[in-house]
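Trainee: Make a model of this:
(2 chains)
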Amino acid sequence: MRHFFTSVAVAALLTGPALADPSVEVMHFWTSGGEASALSVVRDKVVAEGVQWIDAPVAGGGGDQAKTALQARIAAGNPPAAMLMLGQNIIDWADEGLLGNVDALAKAEGWDAALPRAVQDFTKIGGHYVSVPTNVHRTDMISASKAAFGAIGADYPTSWAELNALAPKFLEAGIIPLAHGGQAWQEAYMFEAVAAGVGGADFYRRAFVDLDDATLRGDTMRAVFDQMATLRGMVDENAPGRDWNLATAMVINGQAAMQIMGDWAKGEFTNAGKLAGDDFACIPVPKDQGDAFVYLVNSLSLFAQTDPEQAKAQEVLASAIMDKGVQVGFNIAKGAIPARSDADLSALDACAQATAASLSSNDAGGGAVPTFAGTHAARAAVVGAATDVVTEFFNSDMTAAEATETLADAIADAI
Amino acid sequence: MAQHAPKVDFRTRLQEWIPKLVLSPSVAAMTVFVYGFIAFTVYLSFTGSKMLPRYDWIGFENYQKLWGLSSWWTAITNLGVFASLYIIICTVIGLGLAIFLDQKIRGEGMLRPIYLYPMALSFIVTGTAWKWILDPGIGIENTMHLWGWTSFEFNWIKDRNMAIYTVVIAAVWQTSGFVMSMFLAGLRGIDNEIVKAAQIDGASNWNLYRRIVIPLLRPAFLSSFVILAHLAVKSYDLIIALTGGGPGRATEVPATFMYSYTFTRNSMGIGAASAVIMLMTIAAIMTPYLYAELKESK
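Mentor: Presented below is the predicted three-dimensional model:
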């Protein structure tokens, strides 16, 4: 309610003729500790440039609530200056003709050279920079407990066969092989990580970006589901409904050996005072078909402005986000890697440095693929339909062959 | 009086107008925000709206798609299981509690609010509390194990075939006290003379309740049924807090389906269609009730 009044007050302020300061209203769902302090790095820079920062957070990690709030604001004809959004949503909003751009600034600052192609795919829509990237996450990651691997004297797995062979040893040692939070979205992220690992980047792109029916019904997809079924046997029976950070906590305290989850899980380790390399390891999921990198881009999308003053304030925001120092400071707090490929990484931890190196090699080699679960690869309707099937599969005794057909049917219906 | 009729004084006219003036804002607000938006939703369900409302008429396509979706059928089936068990169990427990409390027992004034209190909680609180109680790792099962009963097993909330019943448990816990109070009010409204007459005629307690009291409670049954039925159809927060629609999508209901299709999956047209189906379900329950009520009052 207080927020409502604030926005009304803000709206009144914006429409008033005598506007004192240029301002940017930023709508986002970064409300957790690390996320909020990351965003404050951007805010400090914007404020230092003399632009007022109006914070409009909508709690709810995945951003669903924020999106609902945004839809209401749009319907009321009162969009914020910038909004944190993901993947295909940016394209959808751009298609609705609601996003402005900062092409002039991008050209002056040479963004084309600074941003990997993977990032440009989700910020430069139809040749226009409608969105400004803050960071890149890697979703095909495993957080592994060093103590658990020490207990059975094993090395970190580099292939799925190795990973599967570890499970009985962990069980024998009384350790849960795989910490898992049984919520639909988490299973979707696990699924895409397995797909990239078992099938490789080309398969991933054909299946989830092109949504090619033959690939979706093919043997490789069945192998992906087979591997999912194997993973199903590695989780404890208490997993359904568990939040992802509780699953991470199981790895932190050594109760479980691994968690397949995006690199944001690292933040939980950092908050618990654990050191990358000493206490835990962040390793990419095994890749049986050549290297791949599943990425998720966070960016603030810019809504079209009619007032030139506000457009200028928006440019200040965009320039601040792209500042090399801000990119590094932001990502130290967020636990991701900078979107710019030319930022100085020496201040980041070992995990982030390895991830950044992997992104640049995969971006060059064609191994970088957009996240499916995070609605980069396909539209929300398709991802939702696929998630239904994946979570159904993971929580039942459906066979891999059955799941493959159901998935292909569901995706065909949703396209 | 007749000669005064043409020139009504200001005070009388004001008195006539005040109720209309006072009511008109709420009538206007209701017209727009309830009926207006119902009409808007019905319209949207016939359009190809995705992320934002669109106004292209596509006929019944959304309804065709909706009934072709397996997740919608899951939601409907779950609602059927949940609603029937919820209504029946709540009514039985509510009636039982009311009859027991009506035996002129000591401390009734203290007992009544105890049973009624769960209703004061929001479904989110109920859902979260029961999620912890039912969780095998921290709840009842764990407690029993700590007490030494290690073979005890109660993991319905993690079992896709049983999870919907945990929703029933939590919902029944929340509402049966409220149903009890409705029946209690009904019992208090029964004419004592009738009961005494029956007792003098030698009716046993069982027969007294079966043949006289319970039939006299018909209005209370009807109102509790209507309230429970619409609570069941619109149940959303309880599911979200308790199971989140899981395991898998084993506890998906039409309300959660509607939200996810409208807002997270950018399929506003299909979401609107499911909302219309829910509205029609509630209308199918409410209309006979209103009809019966209005007929009686004539």
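
Trainee: ok, A:Glu315 - contacts?
Mentor: Applying CB atoms under 8 Å, 6 or more residues apart in numbering or on different chains, one finds that A:Glu315 lies in contact with A:Val102, A:Ala104, A:Leu105. (Glycine included, C-beta is placed from N, CA and C.)

Trainee: what about the residue lying closest to A:Ala104 once chain neighbours are set aside, which helix or strand?
Mentor: Among residues not flanking A:Ala104 along the chain, A:Glu315 sits closest, at 8.0 Å (CB to CB, 6 or more residues apart in numbering or on different chains). Using DSSP states H and E, A:Glu315 falls within helix A:308-322.

Trainee: Those residues of chain A touching chain B, which are they?
Mentor: A:64, A:67-68, A:71, A:74-75, A:89, A:92-93, A:96, A:182-184, A:237-241, A:379-381, A:383-385, A:388, A:391-392, A:394-396, A:413 (CB under 8 Å from any CB of the partner chain).

Trainee: Now the buried members of these.
Mentor: A:64, A:67-68, A:71, A:74, A:89, A:92-93, A:182-184, A:238-241, A:379-381, A:383-385, A:388, A:391-392, A:394-396 (16 or more other CB atoms under 10 Å in any protein chain shown).

Trainee: so of those residues, which ones are in helices?
Mentor: Using DSSP state H, the members of those that fall in helices are A:64, A:67-68, A:71, A:74, A:89, A:92-93, A:184, A:380-381, A:383-385, A:388, A:391-392, A:394.

Trainee: Pull up the gap between A:Leu231 and chain B, please.
Mentor: 15 Å (CB to the nearest CB, to the nearest Å).

Trainee: Could you pull up the residues touching that residue?
Mentor: Shown in contact with A:Leu231 (CB under 8 Å, 6+ apart): A:Leu178, A:His180, A:Met190, A:Val194, A:Ile260.

Trainee: Which residues of the stretch 151-298 of chain B lie near chain A?
Mentor: B:155, B:157-158, B:160, B:243-250, B:260-261, B:263-267.

Trainee: quick one: buried residues of stretch A:208-217?
Mentor: Quick answer for stretch A:208-217 (16+ other CB under 10 Å): A:Phe208, A:Leu211, A:Asp212, A:Thr215, A:Leu216, A:Arg217.

Trainee: Stretch A:255-265 too?
Mentor: The neighbour-count check on stretch A:255-265 (16+ other CB under 10 Å) flags A:Ala256, A:Ala257, A:Met258, A:Gln259, A:Ile260, A:Met261, A:Gly262, A:Asp263, A:Trp264, A:Ala265 as buried.

Trainee: For chain B, give me its nearest residue in the stretch 251-400 of chain A.
Mentor: The shortest separation between the stretch 251-400 of chain A and chain B is 3.3 Å, found at A:Asn395 (distances taken as CB to the nearest CB).

Trainee: Isn't that residue up against A:His180?
Mentor: No: counting by CB atoms under 8 Å, A:Asn395 does not reach A:His180; the two are 11.0 Å apart.

Trainee: Which residues of the stretch 1-150 of chain B lie near chain A?
Mentor: For the stretch 1-150 of chain B, the residues in contact with chain A (CB under 8 Å from any CB) are B:50-53, B:65, B:68-71, B:131, B:135-137.

Trainee: In chain A, which strand is the longest?
Mentor: Criterion DSSP state E: the longest strand present in chain A is strand A:293-302.

Trainee: What helices and strands are in contact with that one?
Mentor: strand A:82-86, helix A:87-95, helix A:117-120, strand A:131-138, helix A:184-204, helix A:308-322, helix A:350-365, strand A:368-370 (3 or more CB pairs under 8 Å, 6 or more residues apart in numbering or on different chains; DSSP states H and E).

Trainee: Low-confidence regions, chain A specifically.
Mentor: Chain A contains residues with pLDDT under 70 at A:1-20, A:61-62.

Trainee: and it, what are its domains?
Mentor: For chain A, automatic domain parsing gives the domain ranges A:2-135+A:298-346, A:141-294+A:364-414.

Trainee: Tell me which of those domains sits most buried.
Mentor: Most buried of the domains of chain A, by mean neighbour count (mean count of other CB atoms under 10 Å in any protein chain shown): domain A:141-294+A:364-414, with a mean of 20.

Trainee: What's the end-to-end length of it?
Mentor: 28 Å (CA to CA, to the nearest Å).

Trainee: chain center to that domain: distance?
Mentor: Here the centre of domain A:141-294+A:364-414 is set off from its chain's centre by 14 Å, with CA atoms, centre = their mean, to the nearest Å.

Trainee: Spatially central residue for the chain, please.
Mentor: By default, I'm working from chain A. Residue closest to the average C-alpha location in chain A (CA atoms, centre = their mean): A:Leu296, at 3.9 Å.

Trainee: not quite, I wanted chain B
Mentor: Note: chain B centre (CA atoms, centre = their mean) maps to B:Leu231, 1.5 Å.

Trainee: Surely that one forms part of a strand?
Mentor: No: read with DSSP: H, G, I helix; E, B strand; the rest coil, B:Leu231 is helix and lies in no strand.

Trainee: Could you give the number of residues near the closest residue to it other than its chain neighbours?
Mentor: Nearest non-adjacent residue to B:Leu231, counting by CB to CB, 6+ apart: B:Thr175, 6.7 Å away. Per other CB atoms under 10 Å in any protein chain shown, the neighbour tally for B:Thr175 reads 25.

Trainee: Give the buried residues for the host helix or strand of B:Thr175.
Mentor: Taking DSSP H and E as the definition, B:Thr175 sits inside helix B:163-188. In terms of neighbour count (16+ other CB under 10 Å), helix B:163-188 has its buried residues at B:163-184, B:186-187.

Trainee: about what we covered before: kindly reformat the buried residues of stretch A:208-217 as a markdown table containing secondary structure.
Mentor: Output for the buried residues of stretch A:208-217, formatted as a markdown table (three-state DSSP):
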| residue | secondary structure |
| --- | --- |
| A:Phe208 | helix |
| A:Leu211 | coil |
| A:Asp212 | coil |
| A:Thr215 | helix |
| A:Leu216 | helix |
| A:Arg217 | coil |
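
Trainee: For B:Phe33, state which of the residues you listed is nearest.
Mentor: Checking the buried residues of stretch A:208-217 against B:Phe33 with CB to CB, the nearest one is A:Leu211 at 40.0 Å.

Trainee: how far away is the residue lying closest to B:Leu217 once chain neighbours are set aside from chain A?
Mentor: Excluding the flanking residues, the one nearest B:Leu217 by CB to CB, 6+ apart is B:Gly186, at 4.6 Å. B:Gly186 is 38 Å from chain A, where distance means CB to the nearest CB.

Trainee: residue ranges of the helices in the stretch 101-250 of chain B, please?
Mentor: Using DSSP state H, counting those that start in this stretch, the helices found in the stretch 101-250 of chain B span residues B:108-116, B:123-134, B:140-146, B:163-188, B:192-200, B:205-207, B:214-216, B:218-233, B:237-242.
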